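Chemist: Predicted model and sequence below, questions to follow.
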Amino acid sequence: MAELTDDALRAFSRDGCAVIDGFISKSEIAELRQRISGLLDEFDPSMHPAIAFETGTSTQYFFDSANKVSYFLENDKQAVNKIGHGLHIIEPLFQRLTHSDRVKRVAEQLGYKDPRVLQSMVICKQPGVGGAVPMHQDSTFLFTEPLSACGFWIALEDCTQTNGCLEFIPGSHRRSAVEQRFVRTQDDKGTEMVDIDPVAHHRSHLPRLEDYYNREAEPAAVDGNDKDEKCVPIEVSAGALVLIHGQVLHKSAHNHSPKSRWIYTFHIIDGECKYDERNWLQMRENVEMTRL
């Protein structure tokens, strides 16, 4: 069973990201890609509200996507950027992978007591038009008290700097407090960023895995002007799993290449932490987030 080695645990604790190569097989990749192609074929642009995911603009379609298969478009492009956010609930192939024993094992190794799947999505990054994702922390968008978000990011194609692989700032999860939250507006008709107390929300619920990194090697603080220069690319082969700590600063570049960059990603939080009604993503009444 694929699991975190001591080296990977050390990397996750020290850097905020870790890679497990070969987490899914070539046959699983082929099955998932075939189903994604089917979902794209089922997409009817003429019936779509033409939502491009942008902070500050939202609709009921966006809010209702928690337990559905919904489509989100590239800004100013007639191309699908993302399919989400309920693939792990609706689609059998994605449901099986997300709730597999190997995923449960990794969550257990990270110290989760009650791991819950919060959202799932396919990100296509189509050739030539796949948009850049700016620097961010996942806990800004998937906020719990205390912080507990972690991303499971699975490559369905080789991901390189050419087609917009992940990039992150190693160690930023240990010195970059979450200073904002992405929430629903008070009238429940849109979304906005709100400031929060960074001191109160610096520590994560995830165990720091003290045995796995050298405390004397704490990284220096990141200056706002040199974040891009400190970014490190994560180039991985199809089938690899990248774990992303909820507080680590990460981004991805525009895909200018002739090759797509399909990935499947889902996020988990700990059910022992508070997930409140201000968060943009809410399950339907009387429906709980799925447990691993």
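Modeler: Sure thing, it's come through.
Chemist: all strands of this structure, in order?
Modeler: Ranges of strands within the chain are 17-20, 69-73, 80-85, 115-123, 133-136, 150-155, 166-168, 180-184, 191-195, 232-234, 241-245, 250-252, 263-270, 290-291, based on DSSP state E.
Chemist: what packs against the shortest one?
Modeler: Think strand 290-291. strand 115-123 (3 or more CB pairs under 8 Å, 6 or more residues apart in numbering; DSSP states H and E). For the C-beta atoms, the positions are set from N, CA and C on the backbone; glycine is no exception.
Chemist: Output the lowest mean pLDDT helix or strand found in the chain.
Modeler: Least confident helix or strand, the chain: helix 60-63 with a mean of 84, by mean pLDDT, DSSP states H and E.
Chemist: Quick one: list the elements packing against that one.
Modeler: strand 69-73.
Chemist: quick revisit: next, format the strands of the chain as CSV and append distance to Ala107 and mean neighbour count.
Modeler: Converted to CSV, these look like this (distance: least, CB to CB, whole Å; neighbours: other CB atoms under 10 Å):
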stretch, distance to Ala107, mean neighbour count
strand 17-20, 13, 22
strand 69-73, 24, 21
strand 80-85, 19, 22
strand 115-123, 4, 23
strand 133-136, 22, 14
strand 150-155, 8, 24
strand 166-168, 20, 23
strand 180-184, 24, 19
strand 191-195, 28, 13
strand 232-234, 20, 16
strand 241-245, 10, 24
strand 250-252, 20, 22
strand 263-270, 6, 24
strand 290-291, 10, 16
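Chemist: between these, which gets the lowest average pLDDT?
Modeler: Note on the strands of the chain: strand 69-73 shows the lowest mean pLDDT, a mean of 89.
Chemist: name the helices or strands packed onto it?
Modeler: Here strand 69-73 touches helix 60-63, strand 80-85, going by 3+ CB pairs under 8 Å, 6+ apart.
Chemist: Show me what the longest one is in contact with.
Modeler: What it means is strand 80-85. For strand 80-85, contacts defined as CB atoms under 8 Å, 6 or more residues apart in numbering pick out 36, 39-40, 43, 52-53, 65-74, 119-126, 130-131, 281.
Chemist: With adjacent residues omitted, what lies nearest to Pro258?
Modeler: Distances taken as CB to CB, 6 or more residues apart in numbering place Pro127 nearest to Pro258, at 5.0 Å, with adjacent residues excluded.
Chemist: Which strand residues bridge Phe182?
Modeler: Beta-bridge partners of Phe182, counted by DSSP bridges, are Met193.
Chemist: any idea how far it lies from Ala66?
Modeler: Going from Phe182 to Ala66 by CB to CB, to the nearest Å gives 14 Å.
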